[in-house]
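>>> Could you look at this predicted model? Sequence included:
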Amino acid sequence: MPVPKPRDPQATREVLTTWLGAPERLPEAEVIQLETPEFSGFSSETLMIDVAHKDGLAKLAVRVAPQHYQVFPDVRFAEQYRLMRTLHDRTDIPVPPIRWYEADQDYLGAPFFVMDRIEGRVPTDMPPYHTDGWVTGIEPAERAAMWWSALEILARLHRLDTAALDVGFVDQPEWGTPGLAQRLAYYEHYMNWAYRGPRPTAERALDLLKRTRPAEPYPPVLLWGDARIGNVIYAEGGLPVAVLDFETAALGQPEEDLAWFLFLDRHHSEGVYVPRLDGFPGPAETIARYEELLGRPMRHMGYYEILSGFKFTVIMSRIAQAMIDWDWLDADSDFPYNNNCSRLLDKILEGQT
C-alpha cells in the first residue's frame, strides 16, 4: 500500500473557496491561507485555513474523515461532529464552535466538518511533552494549573445528564451493554483487525481483563474517550480554552477516562524513559481530587489502568501495521508488539502477578 500523497494546496484552496462561498455559509469567501499535513488519509486530517469573506476574516479548522487508512475499525465521523456540536451548543464544555458538516466526499475525498480555529498551545505527543517542547520551558505552577484545569473539565463532562442531552448515539450496543462488556468486546475485535502478527502483551492483558472484570454499580456517563492534556488547547498560564478529539467517545464509568488521562501521561514519561516534569500532580493526588469532584470513590483504578494500556497497545499495533504497509518498517518487524506502550503494559502486568 503506497503512502498517501500530500494534498494539492492549490486545488484544496479552490475547492474550499467554492464550498465556503455558498450563500448559507460565507458569501464572497476566499481561502487566503491554507496549512495541510505532510500526507493525508491517516486517521482524521486537519486543514488550517484563513478565509476572507464579505463580513471580514474567519480563522477555521477543517476536519476531514480518514480516506486511505483507518486507525480504528469503524469511522464514527458524523457522530463526532454531532457530539461536538451538542457539547458546544448545550453545555459548558469548551469545544470549538462547530459551523458546518459536509457528507459529500466529492469535495475533499471524504466527509468533513468546519469549526472555528482556537488560538493557543497544545502539549505535544511527538516529541512527548515530558521530553521536549514548550511544556518543558514553563514553570511548575503552570504545569499544575494545566493538569487541574483539564481534570475539572473532565469532571464537568462526566456530570452531564446524558439522557437530557440525547447523546446515546455514541453508544455501540452491537458490542454489548455500555461500559466494560462493550469495551472489551470492541477492542478484542479491534485487536484482531489491527495487526496480523503476534500480540502477546495485548492478549495477556485481555485475558486478565476478562477474568477480573469488576462490577459497574453506577449509571454510565458520557466518556471523552481520549481524555488527556494533549487534547487541550491552553492559553498562557495554564488556562484551557478548548478541548478536542471526541472520535472515541462512548458511555461507561468515569474511571475509564481518568485512567486513560493518567496512563497517557505515564506513557509520555516513564514509557519513554524520562522523569515526569516538576509540577504535574501524581496519580494518587489526582485520583483523590477526582473523587472530590465527582463525590464518589474511584473504584478499581488498577484494572482501568490495564484497560488503558491494552487499548493503547492495540492502537499502536495498528499504527505499526500502517508503517509496514507503507514500507517504513520491515514486514517481520517486532514493533507492532514490542514498543514503548507494550513494554510499559508488560511492566504493569508484571506487578499483577
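Received it, and whenever you're ready, just let me know what you need.

>>> Listing partners with orientation, what would you give for the strand or helix carrying Leu57?
Taking DSSP states H and E as the definition, Leu57 sits inside strand 56-64. Applying DSSP bridges, strand 56-64 is found paired with strand 45-53 (antiparallel), strand 112-116 (antiparallel).

>>> Out of those, which one sits most buried?
strand 112-116 (a mean of 22; mean count of other CB atoms under 10 Å). Bear in mind the C-beta positions are built from the backbone N, C-alpha and C, glycine included.

>>> any idea of the mean pLDDT in that strand?
Across strand 112-116, pLDDT averages out at 97.

>>> repeat for stretch 267-286
For stretch 267-286, mean pLDDT rounds to 97.

>>> Start and end of that stretch, how far apart?
16 Å (CA to CA, to the nearest Å).

>>> Please identify the buried residues of that stretch?
If you call a residue buried by 16 or more other CB atoms under 10 Å, then stretch 267-286 has these buried ones: 267-269, 271, 277, 279-281, 283, 286.

>>> neighbouring contacts of that stretch?
125, 128-131, 135-136, 139-144, 147-148, 151, 230, 258, 261-262, 265-266, 289, 312, 340-341, 343-344 (CB atoms under 8 Å, 6 or more residues apart in numbering).

>>> Type out the PyMOL command that picks the buried ones from these.
In PyMOL syntax, the buried subset of the contacts of stretch 267-286 is picked out as below (16+ other CB under 10 Å):
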select buried, resi 128+129+130+131+135+142+143+147+148+151+230+258+261+262+265+266+289+312+340+341+344
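
>>> now, which of the contacts of stretch 267-286 lie within helices?
In helices, defined here by DSSP state H, the members of the contacts of stretch 267-286 are 140-144, 147-148, 151, 258, 261-262, 265-266, 289, 312, 340-341, 343-344.

>>> and which of the buried residues of stretch 267-286 is nearest to Met301?
Of all those, Met301 sits closest to Pro283, with 8.0 Å by CB to CB.

>>> For the nearest residue to Ala141 once chain neighbours are set aside, give me phi and psi.
Nearest non-adjacent residue to Ala141, counting by CB to CB, 6 or more residues apart in numbering: Gly279, 6.4 Å away. Main-chain dihedrals, Gly279, degrees, to the nearest 10: phi 110, psi -40.

>>> What distance do you get for Gly279 to Ala242?
22 Å (CB to CB, to the nearest Å).

>>> got it, and Asp92?
13 Å.

>>> now Val135
Distance of Val135 to Ala242, computed by CB to CB: 17 Å.

>>> Also Pro217?
For Pro217, the distance to Ala242 - CB to CB - is 34 Å.

>>> Next: Tyr218.
For Tyr218, the distance to Ala242 - CB to CB - is 29 Å.

>>> any low-confidence regions in the stretch 251-353 of the chain?
Counting by pLDDT under 70, the stretch 251-353 of the chain has low-confidence residues at 353.

>>> Which residue ranges of it form helices?
Secondary structure of the stretch 251-353 of the chain (DSSP state H, counting those that start in this stretch): helices located at 254-267, 283-294, 301-325, 340-350.

>>> For Thr17, find the nearest of the ones you listed.
Judged by CB to CB, the one of these that comes nearest to Thr17 is helix 301-325, at 31.7 Å.

>>> circling back to that earlier point, tell me which of Tyr218 and Ala242 has more neighbours.
The residue with more neighbours, out of Tyr218 and Ala242, is Ala242; 23 against 13, by other CB atoms under 10 Å.

>>> sorry, back to before: could you say which of the helices of the stretch 251-353 of the chain is packed most deeply?
helix 254-267 (a mean of 24).

>>> now it and helix 340-350, what's the angle there?
120 degrees (axes from the mean of the first three to the mean of the last three CA atoms, to 10 degrees).
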